[in-house]
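Asker: A structural model of the following input is requested.
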Amino acid sequence: MRRTAFTLVELLVVIAIIGILVGLLLPAVQAAREAARRMSCQNNLKQIGLALHNHESSRRNVPPLGNYNEYGSSVYWSLHTKLLPYCEQTSLQNLIDFSKPINQQPHVAKVRVPYLLCPSEINDRERPDGPTFIHYPLNYVGNAGDWFIYQPPHDRGTGVFLLNRALRLAEIMDGTSNTLGFAEVKAFTPYLRDGGNPAGNASRPESPQEVGLLGGEFKTDSGHTEWVDARVHQTGFTTTFSPNTLVPYSLGGRNYDIDFNSAREGRSATLPTYAVITSRSYHTGGVNTLRMDGSIHFVSSTISKTVWQALGTRAGGEIISDE
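Answerer: Numbers count the residues shown, from 1 in each chain. Okay, here's the model as predicted:
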């Protein structure tokens, strides 16, 4: 009897062919998965946009970035907490006592809110804050303007989410279709804070390299890790630099891509707050954004800085001709 079987050479050839086919197929599978994640991310922003417009229809304004009734106060609940009932999260908002500080309500701060997290985020995890307190991060944050955030007690920045003041859509003079509402950020972003510099009127930094020279206390990995916190380095972004711009900072032989907050809001009666909070994502080539008219746009990382800054102002009078 003759027995038929693969020779060793034939077996090796078949294995090699299968390996080649898998190598050709894998990038296509990965691309399909990323396309699905990007679409899911856009759906999250669409849900936030609907909540924002429902809030405006109900209350005739969009929520403030935060409210600071007295300096040194720790009562600083984010705009996201105000949108909860419009995202089918009324039961979660009912757990919040807005008259009390966040640090007295750990049962709220540690909640994972699914629509605030991009499927591509690699740090979808809790952040311990002290021995017993836990925060949960987020990836979608509000437009706080292009650089200047707040000068106590009344002067506010150029964005659509302001401190101690709710904005009406009619005040967006550039038009809701030409003004950013929300954009993506990465969780666990390192940042500088509370250096008090610049302390007076200051123009926007022209290059990312200028930011690290402003100094401050360095936090290695806690930016955008507190969805309940109203401060701009947690739940806001600025359009100082285009999406995914590297803002370099070196310390202890390590290089970081940082954000910057000159003086945390609510901590001083005199110091202004300037911020460089760059929109970043894990999507290839850009970030997902929500305009104030509710439309979703994927913005390329190569967008002109001038155009990006114009999209970040509510009443700058700019003419936006391209992206």
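
Asker: what's the spatially most central residue of the chain in contact with, if anything?
Answerer: What sits nearest the mean C-alpha location of the chain, by Cα atoms, centre = their mean, is residue 185, with 3.3 Å. Going by Cβ atoms under 8 Å, 6 or more residues apart in numbering, residue 185 touches 138, 139, 140, 141, 223, 224, 237, 277, 278, 279, 280, 281. (C-beta placed from N, C-alpha, C; glycine too.)

Asker: Just name the closest of the residues you listed to residue 47, please.
Answerer: Closest to residue 47 out of the contacts of residue 185 is residue 140 (9.6 Å), distances taken as Cβ to Cβ.

Asker: now the helices for the protein?
Answerer: 8-59, 79-83, 90-93, 106-109, 209-212, 232-235, 305-311 (DSSP state H).

Asker: Only the buried residues of the fifth one, if you could.
Answerer: So that's helix 209-212. 211, 212 (16 or more other Cβ atoms under 10 Å).

Asker: who are the neighbours of it, in terms of helices and strands?
Answerer: strand 248-251 (3 or more Cβ pairs under 8 Å, 6 or more residues apart in numbering; DSSP states H and E).

Asker: can you check the longest one too?
Answerer: Helices and strands in packing contact with helix 8-59 are listed as helix 79-83, strand 140-143, strand 180-184, strand 286-291, strand 296-300; criterion 3+ Cβ pairs under 8 Å, 6+ apart.

Asker: I'd like a version of the ones you listed in a markdown table, one that adds mean neighbour count and mean pLDDT as further columns.
Answerer: Listed next are the helices and strands packed on helix 8-59 as a markdown table, based on neighbours: other Cβ atoms under 10 Å; pLDDT from 0 to 100:
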| stretch | mean neighbour count | mean pLDDT |
| --- | --- | --- |
| helix 79-83 | 23 | 96 |
| strand 140-143 | 28 | 98 |
| strand 180-184 | 27 | 98 |
| strand 286-291 | 24 | 97 |
| strand 296-300 | 18 | 97 |
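
Asker: Just send the ones you listed back as JSON lines, with distance to residue 126 too.
Answerer: Listed next are those as JSON lines, based on distance: least, Cβ to Cβ, whole Å:
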{"stretch": "helix 79-83", "distance to residue 126": "17"}
{"stretch": "strand 140-143", "distance to residue 126": "18"}
{"stretch": "strand 180-184", "distance to residue 126": "20"}
{"stretch": "strand 286-291", "distance to residue 126": "24"}
{"stretch": "strand 296-300", "distance to residue 126": "29"}
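
Asker: Which of the ones you listed sits closest to residue 64?
Answerer: helix 79-83 (6.6 Å).

Asker: ok, residues contacting the closest one?
Answerer: 48, 51-52, 55, 62-66, 93, 96, 98, 113, 116, 138, 142, 161, 227-228, 230, 235.

Asker: circling back: for the residue nearest to the centre of the chain, grab phi and psi.
Answerer: phi -140, psi 170 (degrees, to the nearest 10).

Asker: picking up where we left off before, out of the contacts of residue 185, which comes closest to residue 305?
Answerer: For the contacts of residue 185, the nearest to residue 305 is residue 278 (11.3 Å; Cβ to Cβ).

Asker: Give me the below-cutoff pLDDT ranges for the stretch 201-323 of the chain.
Answerer: 321-323 (pLDDT under 70).

Asker: repeat that with 80
Answerer: By pLDDT under 80, the low-scoring segments of the stretch 201-323 of the chain are 319-323.

Asker: Test my guess that residue 248 contacts residue 254.
Answerer: No - contact criterion Cβ atoms under 8 Å: residue 248 and residue 254 do not qualify, at 11.2 Å.

Asker: who has more neighbours, the two?
Answerer: residue 248 (12 against 9; other Cβ atoms under 10 Å).

Asker: Spit out the contact partners of that one.
Answerer: Taking Cβ under 8 Å, 6+ apart, one finds 208, 209, 212, 255, 256, 257, 258 in contact with residue 248.

Asker: ok, the first one - how many residues close by?
Answerer: Applying other Cβ under 10 Å, we find 18 other residues in the vicinity of residue 208.

Asker: now the last one
Answerer: The local packing of residue 258 (other Cβ under 10 Å) involves 25 other residues.
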